[in-house]
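In: next input, structure requested:
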Amino acid sequence: MANKYELPPLPYAYDALEPHIDEQTMRLHHDKHHLSYVNGLNAALDKLAAAREAGDFALVKHWSREAAFHGSGHFLHSIFWPNMAPAGSGPGEPSGDLAAQIAKDFGSFNAFKAQFGAAAGAVEGSGWALLVWEPNAGQLEVLTAEKHQNLTQWGVVPLLVLDVWEHAYYLKYQNNRGAYVTAWWNVVNWADVAERFAAARG
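Out: Okay, the predicted model is just below:
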């Protein structure tokens, strides 16, 4: 395979999101879990390239699944890190066009937060909550994804993503996912979300 995926660096120090997300979790989550998705994606693509070379596609279903799983994990985590910033370093709520669109599509910012938080709490097993731009309808939506790649929609552009796999919160919050979701709102980087929104709309 000509191009290899790489682990992007964190845009802040490991302890920058304290006390809401602890340093130990960030080190394990970024350096171990995210790296495993990068390595898994590269390995799957290497295996698919070898299959093409040999003309042997007996394991194509397996390696295609691996590419989808690890690739989606890498993609979402690469949004997740810059979606956050140290508490107090930016606005606590969206503003401008993003705020107006949230109000239009959800009724209010608080209504959006309630739906997003409920979605994050309701994802079964391992998964994500996502605020996305749906370009065909020209609107924002809240979606979930299980195992990175299931239960989502084609063609949407993720703007804000929240990882609710247990490795994202168990060291600090144990089995209290709701407390983690509530704390996470303190470190949302609305400037990053607004930039993604502007780019998605063109």
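In: contacts and neighbour counts: CA atoms only from here.
Out: OK.
In: got a list of contacts for stretch 120-138?
Out: Contacts to stretch 120-138, defined as CA atoms under 8 Å, 6 or more residues apart in numbering, come from residues 116, 119, 139-148, 155-166, 177-178, 181, 197, 200-201.
In: of these, which belong to helices?
Out: 116, 119, 177, 178, 181, 197, 200, 201 (DSSP state H).
In: quick one on the thing from earlier: for the buried ones among the contacts of stretch 120-138, write the corresponding PyMOL selection.
Out: Selection of buried members from the contacts of stretch 120-138 for PyMOL, criterion 16 or more other CA atoms under 10 Å:
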select buried, resi 116+119+139+140+141+142+143+144+145+146+147+148+156+157+158+159+160+161+162+163+164+165+166+177+178+181+197+200
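In: one step back: can I get the ones in helices among the contacts of stretch 120-138 in JSON lines including pLDDT and distance to residue 14?
Out: Listed next are the ones in helices among the contacts of stretch 120-138 as JSON lines, based on pLDDT from 0 to 100; distance: CA to CA, whole Å:
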{"residue": "116", "pLDDT": "98", "distance to residue 14": "26"}
{"residue": "119", "pLDDT": "97", "distance to residue 14": "27"}
{"residue": "177", "pLDDT": "96", "distance to residue 14": "21"}
{"residue": "178", "pLDDT": "96", "distance to residue 14": "22"}
{"residue": "181", "pLDDT": "98", "distance to residue 14": "19"}
{"residue": "197", "pLDDT": "98", "distance to residue 14": "26"}
{"residue": "200", "pLDDT": "97", "distance to residue 14": "29"}
{"residue": "201", "pLDDT": "95", "distance to residue 14": "32"}
